[in-house]
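> Just the structure for this:
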Amino acid sequence: MGDAFALRDVACIQLCSKVQALNWDPLPSRRGIDSAPELGYILRVRHWLTIGLVPLAACGRLAGVEPVPRSAGTTPAGASQAALDSGVTPRPDAGPDAGSPAALKSTLFPIVLAHGFAVSANTPEASFGPAAAALRDAGFTVFTTDAPAFDSIAVRGASLLETIEQVVAQTGAPAVNVIAHSMGGLDARYVASPGGLGRGDLVASISTLATPHRGTQLADAVNALMPYGLSPLLTAVSVAFDNLNLGDPHVQAALANLSESYLAGFNAATPDDPRVYYQSWAGVATATGAPDANIPGACEHRLVLPGVTKRLDPLLIPLAVVVGHALADWPNDGIVAAQSAAWGDFWGCLPVDHFNEIGDTQLAALVPFPDPDPDTGFDLAGFYVSVARGLAARGD
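Numbers count the residues shown, from 1 in each chain. The predicted structure is shown next:
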């Protein structure tokens with residue numbers, strides 16, 4: 001135990017020194033709003049780091065969980081480069097029309113957009129905002145889902161299957177393409193897997209963005225701290241997710257299923273359906289928007305916009321330290337590490353944080369999220385259209 005506390009203290013000193021050395025600015029005019037609220041977030045972040053949020057995560061060993069590299073996963077990566085070179089799927093370093101003929105208008109199967117944790121029909125994020133609109137404008141048939149905002153993968157997956165069955169009945173299509181964000185990707189895999197609901201016959205493809213396929217250390221940390229009540233990390237998570245009630249049993253069921261410790265067993269028991277095509281992307285961002293030397297390797301040297309780094313939403317900064325396993329410094333989007341987001345054919349990383357991967361930020365109530373992103377120039381809506389056109393080129 002003494003060694004653990006010594007490691008914790010070293011982590012605190014090193015990380016807090018690093019944070020104090022950062023050249024923080026109040027993010028003036030970044031989103032066209034007064035800088036005072038964001039400066040307040042930054043000051044709270046520095047306070048959380050100073051009083052011990054980071055030491056609680058230490059080196060990612062809360063609840064005995066060790067960092068899980070992608071190589072420990074069950075999905076093949078060998079086919080990714082060949083597929084990337086073939087142009088069958090959209091190249092992550094190309095424009096939104098990559099990987100398909102200009103004349104190709106739609107996918108063979110309708111698209112179902114599956115939302116993640118903390119999103120429901122009552123929140124604007126469930127509609128995927130500008131991404132869904134861009135897909136429809138490009139000629140794709142698109143449906144959104146109404147899975148519970150908080151619950152286990154099994155419960156959310158059953159809800160997703162209901163939507164898929166309704167879409168199949170309504171359109172007459174034999175199957176759908178699922179494009180999922182975050183936890184929605186786990187729901188989709190559960191629907192298709194013979195170890196889950198076994199309905200891979202209704203799913204032509206599963207495309208995921210920032211899905212924690214191998215879990216997120218943030219969930220492990222929250223689950224470990226919950227029995228002890230109030231802590232800086234629990235407060236930070238609650239605030240980031242709009243005063244989330246961590247005592248809600250449905251929230252706890254979701255967090256239990258999002259942990260690295262749980263997903264290791266889930267992946268072993270929920271194999272991919274060979275009839276379904278799986279592909280994935282990750283999001284990466286840093287506290288200041290400065291480049292991180294670890295990003296290229298974590299992204300398998302596949303960056304949508306090489307040399308461009310997204311600045312994290314201030315509410316995600318303290319969470320990102322935990323997600324990144326502290327001193328291990330895993331690149332992440334504030335909620336999910338890049339290594340965890342890779343599944344099936346992995347096409348690399350987008351310069352986005354977890355909130356704006358579906359066109360949303362915590363400040364969206366004040367200023368709608370602009371697209372393309374003024375910080376990075378990344379065209380989020382164009383990305384989703386690119387994914388859909390790549391599926392169309394595959395014949396899905």
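> C-alpha only now, for contacts and for neighbours.
Fine.
> How many neighbouring residues does residue 225 have?
By other Cα atoms under 10 Å, the residues close to residue 225 number 17.
> for it, what are its contacts?
With contact taken as Cα atoms under 8 Å, 6 or more residues apart in numbering, residue 225 is in contact with 231, 234.
> Go ahead and list the helix or strand containing it.
helix 217-225 (DSSP states H and E).
> Was I right to think residue 106 contacts residue 136?
No: Residue 106 is not in contact with residue 136 according to Cα atoms under 8 Å; the separation is 9.6 Å.
> quick revisit: in the helix holding residue 225, which residues are buried?
For helix 217-225, a neighbour-count test (16 or more other Cα atoms under 10 Å) marks 217-223, 225 as buried.
> Tabulate these in JSON lines, adding columns for distance to residue 334.
Formatted as JSON lines, these follow (distance: Cα to Cα, whole Å):
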{"residue": "217", "distance to residue 334": "11"}
{"residue": "218", "distance to residue 334": "9"}
{"residue": "219", "distance to residue 334": "12"}
{"residue": "220", "distance to residue 334": "15"}
{"residue": "221", "distance to residue 334": "14"}
{"residue": "222", "distance to residue 334": "14"}
{"residue": "223", "distance to residue 334": "17"}
{"residue": "225", "distance to residue 334": "19"}
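> so which of the residues you listed comes closest to residue 319?
Distance ranking of the buried residues of helix 217-225 against residue 319, using Cα to Cα, places residue 218 first at 6.9 Å.
> Grab the nearest non-local neighbour of residue 255.
Beyond its immediate neighbours in the sequence, the residue positioned closest to residue 255 (Cα to Cα, 6 or more residues apart in numbering) is residue 219, lying 5.4 Å away.
> if we can go back for a sec, quick one: list the elements packing against the following helix or strand past the helix holding residue 225.
Following helix 217-225 in sequence order, the next helix or strand is helix 232-240 (DSSP H and E). Helix 232-240 makes packing contacts with helix 36-51, helix 217-225, helix 317-323 when contacts are defined by 3 or more Cα pairs under 8 Å, 6 or more residues apart in numbering; DSSP states H and E.
> Rounded mean pLDDT for the longest one, please.
Taken as a whole, helix 36-51 has a mean pLDDT of 40.
> Residue 106 and residue 136 - which one has more neighbours?
Remark: of residue 106 and residue 136, residue 106 carries more neighbours, 23 against 15, as counted by other Cα under 10 Å.
> Next up, the contacts around the more buried one.
Contact criterion Cα under 8 Å, 6+ apart gives 138-141, 388-389, 392 as the residues in contact with residue 106.
> ditto for residue 283
Under the criterion of Cα under 8 Å, 6+ apart, the contact partners of residue 283 comprise 209-210, 332-333, 336, 338, 349-354, 357.
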